[in-house]
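Engineer: Kindly generate the corresponding structure for this input.
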Amino acid sequence: MKKQIFSFITAAVLLGGLSSCGEGFLEIDHYDILEPEVLLQSEKNIISGLNGLYDMFYPERGSGTTDVQSQWNIKPQLAFSNYPALDCQASGWDNEFTRHEWRADKDMFYEGWKQSYKAVDRANRFLAKLEGVDPSIFAEGEKTKNIIIAQTRAIRAFFYSFLAQNFGRLPMLMTGDTYTSSPEKPRAESTDITWNLIIEDFKYASEILGWKPWNDEKGRITRGMTKAYLAQAYMYNKKYAEAKKELGDIIQSGEYRLNPCYGYIHLEDRVWDAESVWELPYPHFSDLNWGADGKNDATWWVAQLTASPEYGGWGSLYISYEYCESFEAGDKRLKYSAVRKGETNPFTGETVGASAGFEDDFVTSESMPNNFGLKYWKRHPGSDGIIFNPQSAIWMRYAAVLLNYAECCFETGDAATGWEMIHTIRNRAWGNLEVNLAQGDFPIPLRTEVVEVPDAETFYAKYRTDKGYTSDVWKVALTIERRHEFLAEFSFWYDLCRTNMAKEFLDCEYPKNQGWTKRTFDFDPNRMIYPIPTDEIRKNNAISQSDQNPGY
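Structural biologist: Next comes the predicted model:
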């Protein structure tokens with residue numbers, strides 16, 4: 001590991017500053033760095049140290065920070081989990097993902113690795129110090145201490161999950177293990193070592209934390225979050241019965257439900273609704289122009305990085321024609337997820353392809369599809385004096401819990417319940433939960449009458465044959481439902497790889513040298529995980545090029 005020394009930081013992520021969830025979480029000043037001895041003297045200071053761990057979910061801004069650090073939750077998360085599947089495509093420096101030609105020296109790999117290990121390092125330091133804390137300093141004694149430990153272990157497990165999904169075998173830093181104490185450490189012999197720690201941490205946290213956020217502070221990790229990610233870890237290890245139990249607990253808890261309108265999920269003014277299992281709200285400052293940099297580093301340019309360049313987008317989230325043409329009639333998720341050439345963005349009033357130089361089906365020198373993601377392009381970049389967009393990064397939704405539960409049901413012989421879960425998702429997708437909602441100023445017409453939803457098993461049996469899939473019908477159904485449900489969120493490519501559907505999906509949905517996209521590369525199974533970053537190999541003498549992931 002690269003050496004990096006730092007003390008606990010009480011930087012606030014300022015979730016409590018949101019007008020819609022002002023229960024007080026992190027409504028605190030930005031303190032100076034606290035030395036560990038000071039940190040351990042009071043409950044207030046220890047909670048400030050915990051808040052510094054939550055800060056790792058957000059970007060880092062300021063002098064010396066890199067592009068990836070400042071755009072955390074877009075880069076690398078959106079790129080890693082979407083671009084290789086080709087529904088979302090990238091131009092410029094990131095076009096190599098669309099071609100499956102990424103290299104180990106790509107900045108996103110090392111920055112994603114470094115930021116995640118920084119979070120692990122910080123959690124390990126904090127846990128080591130907590131071990132010696134006298135419970136009597138807390139108002140509720142051992143109970144409070146355990147709650148703080150549980151949140152810390154869940155944060156560590158979250159970042160290890162991200163690392164394991166992307167890079168496979170990892171150097172393992174344990175409690176008290178830091179960049180300073182372990183500047184060089186080899187990769188673990190197997191991914192089991194990593195997943196076992198992840199499972200242990202999330203299991204511990206799920207037994208300590210409640211369904212409601214601690215002290216009713218929205219933004220805290222809860223039992224629902226830990227069980228959802230614990231189930232995901234089990235699924236990576238093909239322990240479907242164990243995962244099914246955790247997911248079933250979430251469903252039976254009654255704490256979560258689908259948002260009645262799919263189009264409401266990514267609105268700026270809807271924060272931590274009942275579908276959010278793990279969400280990262282961004283501050284709703286009165287001034288979100290350039291001056292916001294001086295208030296907090298938890299800001300992002302999500303509109304600029306996803307809007308069409310025709311209307312001021314910097315990076316742009318291009319959506320394939322294959323994705324747009326893959327929907328059944330009546331499925332409203334397309335309208336809520338993408339705006340196609342010739343269509344008008346209902347939130348900004350801007351028509352794609354209406355300007356000189358942007359009229360073609362494909363744009364830019366890399367021939368990107370002239371369609372764009374709508375989930376994050378909810379305003380014209382920089383409109384109303386807002387440079388930084390106060391829109392949440394939603395990592396885990398209840399919809400994912402239901403579809404993961406469906407997968408576990410199929411894998412454990414309960415197909416009827418699996419299809420029932422898929423129908424629940426599709427019923428919302430067809431807009432049937434919108435009936436009786438007030439239209440208000442929502443710019444996309446809501447469903448006013450209940451409609452019949454096509455039977456999923458019947459539809460996907462034919463879809464499977466027509467497209468040339470060979471996997472079971474239920475696996476095809478889950479793949480395409482995830483495709484439509486989670487466009488540009490943080491899971492689809494990972495799910496394709498975890499379920500061993502990546503090759504089949506690309507071959508059936510993006511056949512080589514055919515269709516709009518005209519994929520030119522052959523599928524390489526080595527590309528289902530990313531390379532160990534070149535800089536890590538160069539700086540860590542315990543990892544050599546011979547230990548690189550196969551194919552790199």
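Engineer: quick one: low-confidence ranges for this structure?
Structural biologist: 1-39, 294 (pLDDT under 70).
Engineer: give me every residue that touches Ile386.
Structural biologist: Shown in contact with Ile386 (CB atoms under 8 Å, 6 or more residues apart in numbering): 288-289, 379. In short, each C-beta sits where N, CA and C put it, glycine included.
Engineer: What distance do you get for it to Val68?
Structural biologist: Going from Ile386 to Val68 by CB to CB, to the nearest Å gives 23 Å.
Engineer: Same check on Ala154?
Structural biologist: Look at Ala154 and Val68: by CB to CB, they are 24 Å apart.
Engineer: Settle it for me: which of the two has more neighbours?
Structural biologist: Set side by side, Ala154 and Val68 show more neighbours around Ala154, with 28 against 22, by other CB atoms under 10 Å.
Engineer: Assign the residue lying closest to Pro213 once chain neighbours are set aside to helix, strand or coil.
Structural biologist: With sequence-adjacent residues excluded and distances taken as CB to CB, 6 or more residues apart in numbering, Pro213 is closest to Arg220, at 4.0 Å. With DSSP: H, G, I helix; E, B strand; the rest coil as the basis, Arg220 sits in coil.
Engineer: can you check the one 5 residues further on too?
Structural biologist: Reduced to three states with three-state DSSP, the structure at Met225 is helix.
Engineer: nearest residue to it other than its sequence neighbours?
Structural biologist: Distances taken as CB to CB, 6+ apart place Trp278 nearest to Met225, at 4.6 Å, with adjacent residues excluded.
Engineer: Assess the claim that that neighbour and Ala393 are in contact.
Structural biologist: No: using CB atoms under 8 Å, Trp278 is not in contact with Ala393, being 9.6 Å away.
Engineer: where do the contact lists of those two overlap?
Structural biologist: Contacts common to Trp278 and Ala393, judged by CB under 8 Å, 6+ apart, are absent.
Engineer: need the contact list for Gln304.
Structural biologist: Neighbours of Gln304 in contact, by CB under 8 Å, 6+ apart: 312-315, 381-382, 387.
Engineer: For the residues you listed, could you give me a markdown table that also reports secondary structure, distance to Tyr262 and neighbour count?
Structural biologist: Converted to a markdown table, these look like this (DSSP: H, G, I helix; E, B strand; the rest coil; distance: CB to CB, whole Å; neighbours: other CB atoms under 10 Å):
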| residue | secondary structure | distance to Tyr262 | neighbour count |
| --- | --- | --- | --- |
| Gly312 | coil | 26 | 15 |
| Gly313 | coil | 23 | 20 |
| Trp314 | coil | 27 | 13 |
| Gly315 | coil | 24 | 21 |
| Pro381 | coil | 24 | 21 |
| Gly382 | coil | 27 | 16 |
| Ile387 | coil | 28 | 18 |
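Engineer: quick one: which of the residues you listed is nearest to Ile543?
Structural biologist: Proximity of the contacts of Gln304 to Ile543 (CB to CB) peaks at Gly315, which lies at 31.1 Å.
Engineer: what about the spatially closest residue to the closest one that is not a sequence neighbour, neighbour count?
Structural biologist: Sequence neighbours aside, Leu305 is the residue nearest to Gly315 in space, at 4.1 Å (criterion: CB to CB, 6+ apart). Leu305 is flanked by 20 other residues according to other CB under 10 Å.
Engineer: Surely Leu305 is in contact with Gly313?
Structural biologist: Yes: counting by CB under 8 Å, Leu305 touches Gly313, with 7.2 Å between them.
Engineer: Could you pull up the contacting residues of the residue in the chain sticking out farthest from the centre?
Structural biologist: No residue in the chain sits farther from the centre than Ser136, which is 37.7 Å out by CA atoms, centre = their mean. Shown in contact with Ser136 (CB under 8 Å, 6+ apart): no residues.
Engineer: So what does it have for phi and psi?
Structural biologist: Ser136 has phi and psi values of phi -70, psi -10 when expressed as degrees, to the nearest 10.
Engineer: roughly how far apart are it and Gln232?
Structural biologist: Where Gln232 is concerned, Ser136 sits at a distance of 37 Å (CB to CB).
Engineer: coming back round to it: can you tell me how far the residue nearest to Pro213 is from His380?
Structural biologist: Noted for Arg220: a distance of 34 Å to His380, by CB to CB.
Engineer: The two: who's more crowded?
Structural biologist: Arg220 (22 against 19).
Engineer: isn't the more buried one right up against Ala154?
Structural biologist: No: contact criterion CB under 8 Å: Arg220 and Ala154 do not qualify, at 9.8 Å.
Engineer: who are the neighbours in contact with the residue nearest to Gly62 when sequence neighbours are not counted?
Structural biologist: Nearest non-adjacent residue to Gly62, counting by CB to CB, 6+ apart: Asp297, 6.4 Å away. Residues counted as contacts of Asp297 (CB under 8 Å, 6+ apart) are 11, 58-62.
Engineer: Now render the residues you listed as JSON lines, adding neighbour count.
Structural biologist: JSON lines is the format used below for the contacts of Asp297 (neighbours: other CB atoms under 10 Å):
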{"residue": "Ala11", "neighbour count": "23"}
{"residue": "Tyr58", "neighbour count": "22"}
{"residue": "Pro59", "neighbour count": "25"}
{"residue": "Glu60", "neighbour count": "18"}
{"residue": "Arg61", "neighbour count": "19"}
{"residue": "Gly62", "neighbour count": "11"}
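Engineer: SS state for Leu478?
Structural biologist: helix.
Engineer: and the gap between it and Phe505?
Structural biologist: For Leu478, the distance to Phe505 - CB to CB - is 11 Å.
Engineer: do Leu317 as well
Structural biologist: 19 Å.
Engineer: same deal with Asn289?
Structural biologist: 42 Å.
Engineer: Neighbour count: these two, which is higher?
Structural biologist: Phe505 (26 against 13).
Engineer: now the helix ranked longest in the chain, how far from the chain's geometric center?
Structural biologist: In the chain, taking DSSP state H as the definition, the longest helix is helix 142-167. Counting by CA atoms, centre = their mean, to the nearest Å, helix 142-167 is centred 16 Å from the centre of its parent chain.
Engineer: Next, count neighbours for the nearest residue to Ala157 once chain neighbours are set aside.
Structural biologist: Nearest residue to Ala157, sequence neighbours excluded (CB to CB, 6+ apart): Asp201, at 3.7 Å. Neighbours of Asp201 under the rule other CB under 10 Å: 26.
Engineer: relative to helix 142-167, how tilted is the host helix or strand of Asp201?
Structural biologist: According to DSSP states H and E, Asp201 maps onto helix 191-208. The directions of helix 191-208 and helix 142-167 differ by 150 degrees, with axes from the mean of the first three to the mean of the last three CA atoms, to 10 degrees as the criterion.
Engineer: Give me the buried positions along helix 191-208.
Structural biologist: 191, 194-195, 197-199, 201-206, 208 (16 or more other CB atoms under 10 Å).
Engineer: who does it touch, helix- and strand-wise?
Structural biologist: Using 3 or more CB pairs under 8 Å, 6 or more residues apart in numbering; DSSP states H and E as the contact test, the elements touching helix 191-208 are helix 142-167, helix 223-236.
Engineer: how many degrees apart are the last one and helix 142-167 in direction?
Structural biologist: Interaxial angle of helix 223-236 relative to helix 142-167 (the same axes, to 10 degrees): 40 degrees.
Engineer: hey, where'd the helices end up in the stretch 201-350 of the chain?
Structural biologist: Counting by DSSP state H, counting those that start in this stretch, the stretch 201-350 of the chain has helices at residues 223-236, 240-253, 321-324, 333-337.
Engineer: Which stretch among those helices is buried most, on average?
Structural biologist: Among the helices of the stretch 201-350 of the chain, helix 223-236 has the highest mean neighbour count (mean count of other CB atoms under 10 Å), at a mean of 25.
Engineer: Can I get it in PDB? Just the C-alpha atoms.
Structural biologist: Provided in PDB are the C-alpha atoms of helix 223-236 (Å, rounded to 0.1, in the frame of the first residue of the first chain):
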ATOM      1  CA  ARG A 223     -30.200  -2.700   9.600                       C
ATOM      2  CA  GLY A 224     -31.800  -2.700   6.100                       C
ATOM      3  CA  MET A 225     -28.700  -1.400   4.500                       C
ATOM      4  CA  THR A 226     -26.500  -4.000   6.200                       C
ATOM      5  CA  LYS A 227     -28.800  -6.900   5.400                       C
ATOM      6  CA  ALA A 228     -29.100  -5.900   1.800                       C
ATOM      7  CA  TYR A 229     -25.300  -5.800   1.300                       C
ATOM      8  CA  LEU A 230     -24.900  -8.900   3.400                       C
ATOM      9  CA  ALA A 231     -27.200 -10.700   1.100                       C
ATOM     10  CA  GLN A 232     -25.300  -9.400  -1.900                       C
ATOM     11  CA  ALA A 233     -22.100 -10.800  -0.400                       C
ATOM     12  CA  TYR A 234     -23.800 -14.200   0.100                       C
ATOM     13  CA  MET A 235     -24.900 -14.100  -3.500                       C
ATOM     14  CA  TYR A 236     -21.400 -13.500  -4.700                       C
END
